[in-house]
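1. Below are the sequence and a predicted model; questions follow.
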Amino acid sequence: MQGPPEIERRRPRARLTNRNRANINEYGLRIPSKNSKTYEPNLNAHAMLVNTRTGYNYTKKATVNAKNAWNNYTRKRNEAKAKNNAAKARNNAAKAKNNGSSKKIEF
């Protein structure tokens, strides 16, 4: 006679791959690249600008885009950090209030 069937336990899988996890900070925000080459405008979309009299500096535009992306990231990170700290303060205050009332000794 055989015993009960063995229970198969599935291993939990991470939601993010290691590569994606490296690009996301503790608040779930995507960390922008610091390489300004990745921010160069699409040549097909801006092909007409190459022939303009003043010219179109792709590298300058890329550095501006990279700086803007980093500024937006730091702004969102600071907002998330403030929101997180406010939630921690509320939770700690609630815990302190509950702990204080539960320690009363009655005779």
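-> Nice, I can see it. Numbering: from 1, shown residues only.
2. Whichever strand or helix holds residue 77: how far from the chain's middle?
-> Using DSSP states H and E, residue 77 sits within helix 58-102. Remark: helix 58-102 is offset 10 Å from the chain centroid, using CA atoms, centre = their mean, to the nearest Å.
3. Not counting residues beside it along the chain, what's closest to residue 35?
-> In this structure, residue 35 finds its nearest non-sequential neighbour in residue 66, 7.8 Å apart by CB to CB, 6 or more residues apart in numbering. The C-beta positions use only the backbone N, C-alpha and C, and glycine is treated the same way.
4. That neighbour against residue 41, yeah?
-> No. Counting by CB atoms under 8 Å, residue 66 does not reach residue 41; the two are 11.9 Å apart.
5. Name the helix or strand of this protein that has the lowest mean pLDDT.
-> Of all helical and strand segments in the chain, the minimum by mean pLDDT, DSSP states H and E falls on helix 47-50, at a mean of 62.
6. give the contact list for residue 81.
-> residue 27 (CB atoms under 8 Å, 6 or more residues apart in numbering).
7. Spatially central, which residue of this protein would that be?
-> What sits nearest the mean C-alpha location of the chain, by CA atoms, centre = their mean, is residue 29, with 1.3 Å.
8. Next, count neighbours for residue 61.
-> By other CB atoms under 10 Å, 16 other residues sit near residue 61.
9. which residues sit in contact with it?
-> By CB under 8 Å, 6+ apart, residue 61 lies in contact with 39, 40, 41.
10. confidence score at the first one?
-> What that stands for is residue 39. With respect to pLDDT, residue 39 scores 88.
11. pLDDT weak spots in this structure?
-> For the chain, the stretches with pLDDT under 70 are 1, 14, 46-55, 98-107.
12. Okay, and residue 21 sits in which element?
-> Judged by DSSP H and E, residue 21 forms part of helix 18-22.
13. What is that helix packed up against?
-> Packing contacts for helix 18-22, counted by 3 or more CB pairs under 8 Å, 6 or more residues apart in numbering; DSSP states H and E, involve no helix or strand.
14. before we move on, the earlier item: for the contacts of residue 61, could you give me a markdown table that also reports secondary structure, neighbour count and distance to residue 7?
-> Formatted as a markdown table, these follow (DSSP: H, G, I helix; E, B strand; the rest coil; neighbours: other CB atoms under 10 Å; distance: CB to CB, whole Å):
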| residue | secondary structure | neighbour count | distance to residue 7 |
| --- | --- | --- | --- |
| 39 | helix | 19 | 51 |
| 40 | coil | 15 | 54 |
| 41 | coil | 13 | 56 |
